[in-house]
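Asks: Sequence and predicted model, in that order:
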Amino acid sequence: MREKQFQATKHGNIMQEIYPYWNGYTWVFDDESVNLLAEPFVLGMDLIISNALARLGILEAAKTGFRLSFSNMAFPGFESELLFNRHEAGGAYYDEVNTNEQGWLCPALFLYYKEAPQAIFARYALK
């Protein structure tokens with residue numbers, strides 16, 4: 001059993017929520033609290049999100065926006081577990097445990113965490 005360590009976000013919360021939406025090309029999100037507007041998910045993370053939403057049967061409905069809850073601690077109902085792979089280009093690559101997909105989180109990750117978490121757990125839900 002691997003040890004999971006608590007890491008509060010820069011906001012002081014363990015759980016975070018953002019509200020991604022489809023901009024016609026990829027998933028993006030806005031977060032006024034950290035001055036992000038249409039911040040894109042790219043380099044595989046967009047596919048991880050699309051595939052998770054498709055497995056849940058909510059891909060099309062989610063295009064107008066959905067709630068993405070995430071934490072570096074496992075929580076009831078999480079649907080994706082991403083494990084840290086490596087640092088690259090100022091961000092970090094993560095491997096999705098259940099699907100073996102890999103995606104990159106850009107340096108905006110560090111607006112939420114002081115350092116790249118060893119694991120990120122996520123849940124997807126319509127607003």
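Replies: Good, I have the coordinates.
Asks: Every contact and neighbour count from this point should use C-alpha atoms.
Replies: Noted.
Asks: Starting from residue 93, give me the distance back to residue 61.
Replies: Distance, residue 61 to residue 93, by CA to CA, to the nearest Å: 28 Å.
Asks: for residue 31, same thing?
Replies: Computed as CA to CA, the residue 31 to residue 93 distance reads 22 Å.
Asks: cool, residue 112 as well?
Replies: Distance of residue 112 to residue 93, computed by CA to CA: 16 Å.
Asks: Between these two, tell me which one has more neighbours.
Replies: Taking neighbours as other CA atoms under 10 Å, residue 112 and residue 93 compare with residue 93 leading, 21 against 18.
Asks: quick one, what contacts that one?
Replies: Contacts here follow CA atoms under 8 Å, 6 or more residues apart in numbering; on that basis residue 93 touches 84-87, 102-105.
Asks: again, but for residue 90
Replies: 106-107.
Asks: Could you tell me the per-residue confidence at it?
Replies: Residue 90 carries a pLDDT score of 97 in this model.
Asks: same question, residue 1
Replies: Predicted confidence (pLDDT) for residue 1: 39.
Asks: Mind checking which of the contacts of residue 93 are in strands?
Replies: Mapping these onto strands (DSSP state E) picks out 84-87, 102-105.
Asks: From the residues you listed, keep the buried residues only.
Replies: Among those, those scoring as buried are 84, 102-105 (criterion: 16 or more other CA atoms under 10 Å).
Asks: Is residue 70 located within a strand, as I assumed?
Replies: Yes: per DSSP: H, G, I helix; E, B strand; the rest coil, residue 70 lies within a strand segment.
Asks: Quickly note the distance from it to residue 77.
Replies: 11 Å.
Asks: Give me the more crowded residue out of these two.
Replies: Between residue 70 and residue 77, counted using other CA under 10 Å, residue 70 has the larger neighbour count: 22 against 10.
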